[in-house]
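Colleague: Quick one, fold the following:
(3 chains)
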Amino acid sequence: MGLDKLLVISAALFCCGLYAILTRRNAVAVLMGVELILNAANINFVAFSHYVSRVIGGQIFAVFVIVLAAAEAAVALAIFLRMYATTGTVEIDAADQLKG
Amino acid sequence: MLNFVSSIQFSDPYFSVLLLLVIALAMSVGFVFLSQALGPKRYDRVKYSVYECGVDPITPAAVRISVKFYLIALLFILFDLEAAFLYPWAVLFRQLGWFGFIEMGIFILILLAGLVYAWKKGALDWQ
Amino acid sequence: MHLGNLASLTFFLPELAVTATILLLILVHVAGKSRYSAAPALLSLAGVGAALLLVALQPASPGRLLFEGMVALDGFAIFFKALTALATIVVIFMSMESRDLAGRTQTEYYVFLLSVLLGMFLLAASTDIVMLYLALELVSIPSYLLAGYLKGKESSTEAAMKYVVYGATASGVMIYGFSLLYGLTGTTQMAEIGRALAAGKAPLPVFLAAAMVTVGFGFKIAAVPFHMWSPDVYEGAPTPVTAFLSVGPKAAGFAVLVRFFYTVFASPDAAAGMWKLPPSVDWTLLFGVLSAVTMSVGNLVAINQNNVKRLLAYSSIAHAGYMLMGFVLLTPAGLKAILFYLVVYLFMNLGAFYVVVLVANGTGSEDIADYSGLGRRAPFAAVSLAIFLFALTGIPPFSGFIGKVYLFAEVINRGVYWLAVVAALNSVVSLYYYARIVKVMFLEDPKESAELPVPAFPRAVLSLLAIPTLVLGIYWEPVARVAANSVRLLAF
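Modeller: Reported below is the predicted structural model:
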């Protein structure tokens, strides 16, 4: 499995995640896009750690990114739950009280 | 792109994975598409209504899921990640000696404070 | 000087103090039956005060790398730790005073506040991209929760939602940039990445990585293409939280921006006494344009705002633009200008938000129209707000002017004249919307003529914020000297 194929995969994941963030209306779907981007970075880290680097710093970084992605998702879901409890919807279009 | 396709070798250990992926994709898409294209579509009111054990539907379709499920899932994720951090320490237990032990003890203590907080706030009560 | 894990602990005392305070807060809340409503505030005040004292006692002079190269202890880090600890103390006073926050359990609020403080301590000092990411998330995640703290108020939840979506996206893109940097150089230490990049790498991946990292940092300091969250979050969040976000994470964001770009994408040129760019990427032009656009957008959109918190949000976007001017210059004098500006900005901004809290306590409103006649209803608060607003504009006897002088002087010194012209025009434009509030306060009749009471303790804190704003406009030498010393030691 060459390094370039892994980089192509992670770039494809990054683009899928970015598309999800920019296009989806449901806030939870946007969060899924964020997770995709974070996992794309993880693939990058592990691939580089294997093929390029002499230290395993990349794999350690990947573990930390996984943990922080989970923590961030937990907090984001708590906020979305609060939004659902007050307005009954989780669509990001519904958050329009504060005009940009 | 063509370079990529021509670089696929039959001896590559992942070639079978690629074959599996392609066949699974082709079969699933193919079957759904075929059934949609070849099957008859006759609208019947009873056939398209919601199924509820043969009687007329009583409960509304959208069920309010209690927030307790979210709390349990959240606590599971966080303590699971704590366990994930304990694995590398467990692998190198001897090399890390007393210093590593005390360090991980402090880590677990901090998460224990979080657990006590969740417990006292009632997140672990089911009803 | 590199230090191992155990030896670094003696240099890590402020962070340990903050951590101990957080744990104590949780334990006291869980175990305590007493309903002293001020206990969490006093405990966190004690903790942050202890941390500030310990920071003042830390030795700046030989720069040390702690924890096997993860965290640095040099003058730069100590400066920012002191700055953020001071901001947190003022915000704790503000939170004790605010009526919005009064009816809720306070412990979680202070736990989040202190967690952000801990993150800011680590962010200003981190020298490894893993530590940087951890610290950045430690700053961001509790602040998402702080923004949404008023659970009943819909605008607060909406602010938190916008903040979390923006912040998660920005940090995801930034992490992808970090992965590219790791792949290019094979190491996660910022100093080694800088050396490898200075030796020459393919320009496109380096530029891409720099651009992605800029997204993450630009989000934190609310620079222009990444500023859209800032007005909504500042308006919806409780006012003490807004004040905290506008000073603390912004200062820490500047700290990490400077440290990251000057370590990774620049190398120290000892002969000329400044930094020089790596061969692949000229990010100074990019940041120069960002600075100009940020200033302009911040100032121009602030003109037709009616909510004072939103106006202050756009004004702090503009101030971030001014500070970015000093960032592109690659000289120690430019960095000294940024550090000095952050100090005076802390006093001015926190003071202005404090008055907003007091007025919201009394009238329940944050619209500029409801500030009419404040000069008659609450003269002390109105005069303080006028002082802070004129200082934010940058008018001569106030400290904001000196901050701007340092920035302008260095920009002109380095010959980036177009940026200085844009900044001067923007300062003129900003006078309009700051003076508008002063006009409404003093030259319009009040809607109700009842007096707005300002108790003694807020008066004391307001004076403590207003006095440096006045004094630093006349005698600023000690602060400037501290700022200059803090820059000289960032040599990793």
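Colleague: any idea how far the residue in chain A sticking out farthest from the centre lies from residue C:289?
Modeller: The outermost residue of chain A relative to its centre, with distances by Cα atoms, centre = their mean, is residue A:54 at 27.2 Å. From residue A:54 across to residue C:289, the span is 38 Å (Cβ to Cβ, to the nearest Å). (Glycine included, C-beta is placed from N, CA and C.)
Colleague: give me every residue that touches the closest residue to residue C:269 other than its chain neighbours.
Modeller: Of all residues not flanking residue C:269 in the chain, residue C:276 sits nearest, at 4.5 Å (Cβ to Cβ, 6 or more residues apart in numbering or on different chains). Residues near residue C:276 by Cβ atoms under 8 Å, 6 or more residues apart in numbering or on different chains: C:266, C:267, C:269, C:330.
Colleague: Tell me if I'm right that the first one and residue C:281 touch.
Modeller: This points to residue C:266. No: the pair residue C:266 / residue C:281 is not scored as a contact, 10.2 Å apart, by Cβ atoms under 8 Å.
Colleague: hang on, the earlier thing: make a ChimeraX selection of whichever of the contacts of residue C:276 turn out to be buried.
Modeller: A single ChimeraX command suffices to select whichever of the contacts of residue C:276 are buried according to 16 or more other Cβ atoms under 10 Å in any protein chain shown:
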select /C:266,267,330
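Colleague: average pLDDT across the helix or strand harbouring residue B:36?
Modeller: Assigned by DSSP states H and E, residue B:36 belongs to helix B:15-38. Averaged across helix B:15-38, pLDDT comes to 92.
Colleague: Tell me which other helices or strands the top helix by length along chain B touches.
Modeller: When chain B is parsed with DSSP state H, its longest helix is helix B:93-120. For helix B:93-120, the helices and strands in contact under the criterion 3 or more Cβ pairs under 8 Å, 6 or more residues apart in numbering or on different chains; DSSP states H and E are helix B:68-91, helix C:5-8, helix C:13-31.
Colleague: by how many degrees do that helix and helix B:68-91 diverge?
Modeller: If you take axes from the mean of the first three to the mean of the last three Cα atoms, to 10 degrees, helix B:93-120 sits at 160 degrees to helix B:68-91.
Colleague: For residue 62, give me its contacts.
Modeller: This is for chain A. A:42, A:45, A:46, A:49.
Colleague: Sorry, I should have been clearer: chain C.
Modeller: Residue C:62 touches residue C:1, counting by Cβ under 8 Å, 6+ apart.
Colleague: do the same with the one 10 residues further on
Modeller: If a contact means Cβ under 8 Å, 6+ apart, then residue C:72 has C:63, C:64, C:65, C:66, C:125, C:126, C:127, C:492 as its contacts.
Colleague: what's the closest non-adjacent residue to the fourth one?
Modeller: Leaving aside its chain neighbours, residue C:66 sits nearest to residue C:8 (3.7 Å; criterion: Cβ to Cβ, 6+ apart).
Colleague: can you count the residues close to the one you found?
Modeller: Using other Cβ atoms under 10 Å in any protein chain shown, the number of residues around residue C:8 comes to 18.
Colleague: what do you get for the one 3 residues further on?
Modeller: Residue crowding around residue C:11 was assessed by other Cβ under 10 Å; the count is 16.
Colleague: Can you name the residues of chain C that neighbour chain B?
Modeller: Contact residues (Cβ under 8 Å from any Cβ of the partner chain) of chain C with chain B: C:5, C:6, C:19, C:23, C:26, C:27, C:29, C:30.
Colleague: my guess is the last one meets residue B:116, correct?
Modeller: I take that to be residue C:30. Yes: if you go by Cβ under 8 Å, residue C:30 and residue B:116 touch, sitting 5.6 Å apart.
Colleague: does the nearest residue to residue B:18 once chain neighbours are set aside sit in a helix, a strand or a coil?
Modeller: Excluding the flanking residues, the one nearest residue B:18 by Cβ to Cβ, 6+ apart is residue B:8, at 7.0 Å. Following DSSP: H, G, I helix; E, B strand; the rest coil, we place residue B:8 in the coil state.
Colleague: Kindly tell me how buried residue B:8 is, as a neighbour count.
Modeller: Using other Cβ under 10 Å: residue B:8 sits among 10 other residues.
Colleague: cool, residue C:99 as well?
Modeller: Neighbours around residue C:99, by other Cβ under 10 Å: 13.
Colleague: in the stretch 301-450 of chain C, which segments are predicted with low confidence?
Modeller: Within the stretch 301-450 of chain C, no stretch has pLDDT under 70.
Colleague: Nearest to chain B: which residue in it?
Modeller: The stretch 301-450 of chain C approaches chain B most closely through residue C:357 (28.6 Å), counting by Cβ to the nearest Cβ.
Colleague: hang on, isn't that residue packed against residue C:240?
Modeller: Yes: applying Cβ under 8 Å as the test, residue C:357 and residue C:240 come out as touching, 6.5 Å apart.
Colleague: Now for the two: what residues contact both?
Modeller: C:94, C:98.
Colleague: residues touching residue A:95, list them.
Modeller: A:83, C:158, C:161, C:162.
Colleague: neighbours of the residue nearest to residue C:180 when sequence neighbours are not counted, just the number please.
Modeller: Distances taken as Cβ to Cβ, 6+ apart place residue C:209 nearest to residue C:180, at 4.1 Å, with adjacent residues excluded. A count of neighbours around residue C:209, defined by other Cβ under 10 Å, yields 27.
Colleague: From residue C:283, how far off is residue C:209?
Modeller: In this view, residue C:209 and residue C:283 are 11 Å apart by Cβ to Cβ.
Colleague: just residue B:8 next, same as before
Modeller: Separation of residue B:8 from residue C:283 (Cβ to Cβ): 40 Å.
Colleague: same thing with residue C:192?
Modeller: According to Cβ to Cβ, residue C:192 stands 19 Å off from residue C:283.
Colleague: Please identify which of the two sits among more neighbours.
Modeller: Taking neighbours as other Cβ under 10 Å, residue C:192 and residue C:283 compare with residue C:283 leading, 22 against 16.
Colleague: coming back round to it: in helices, which of the contacts of residue C:276 appear?
Modeller: Per DSSP H, these never map to helices.
Colleague: so which pair among the contacts of residue C:276 is furthest apart in space?
Modeller: Pairwise distances across the contacts of residue C:276 peak at 10.4 Å for C:267 and C:330 (criterion: Cβ to Cβ).
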